[in-house]
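> Turn this into a model:
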Amino acid sequence: MLQLELYDNPKAIKYGPGSTLSYLTDSMEDWKTEKIQSIDYENQIIVFTSGYEHLSNITKVRRYKPWVRQLGLRLMQFSAAWFLYGGIVQVADKDFSFGWDHAGIGGGAFITGFVMYKLASSTTYDVQGGGDRLRIIDISWPDPEEVYKKN
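Here you go, the predicted model:
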């Protein structure tokens, strides 16, 4: 089990085989998001679908908030529809005037959606230099026969 321990938070975030992990290493320039196939406790290695990574190489971990990302996307789509329909009504109806109040609604929705989509939809944790820590823990149960043989 891979565990992300957050600074000053007793709840840890756990990743197991089948979970998706977004991470960054010193040798990478872009974030890599991969599905975990298995975790090697003894060698401290995380095996992904396209390869493996030693735990000490991972410097940052990113978690996404999909509902914030989707809400930001929907606000930007609302803004585009607002401007589109406002432009259609402006052309079709000579009495209608698309003013600053209408532009403010569409522009405000776009800016809010963009900020939510790009900035607020993910949280990055520094697991090398920060207070957060990424570690592999062994949660397997011992074999009962081995336990009773020792006694």
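
> What segments of the protein are strands?
For the chain, strands defined by DSSP state E occupy the ranges 2-5, 12-15, 20-25, 32-40, 45-48, 51-54, 58-64, 122-126, 133-136.

> which one of the ones you listed lies closest to Phe114?
For Phe114, the closest of these is strand 122-126, at 14.3 Å, according to Cβ to Cβ. All C-beta atoms are positioned from the backbone trio N, CA, C, and that covers glycine.

> partner strands of that closest one, parallel or antiparallel?
Strand pairing for strand 122-126, using DSSP bridges, gives strand 58-64 (antiparallel).

> Leaving out chain neighbours, which residue sits closest to the residue nearest the centre of the chain?
With distances taken as Cα atoms, centre = their mean, Tyr64 lies nearest the centre of the chain, 1.9 Å away. Of all residues not flanking Tyr64 in the chain, Ser122 sits nearest, at 4.9 Å (Cβ to Cβ, 6 or more residues apart in numbering).

> ditto for Tyr7
That would be Gly131: by Cβ to Cβ, 6+ apart, it lies 3.0 Å from Tyr7.

> Isn't that neighbour up against Asp8?
Yes: between Gly131 and Asp8 there is a contact under Cβ atoms under 8 Å: 7.2 Å.

> who's more crowded, the two?
Gly131 (12 against 6; other Cβ atoms under 10 Å).

> ok, now which ones touch that one?
Taking Cβ atoms under 8 Å, 6 or more residues apart in numbering, we find Gly131 in contact with Leu6, Tyr7, Asp8.
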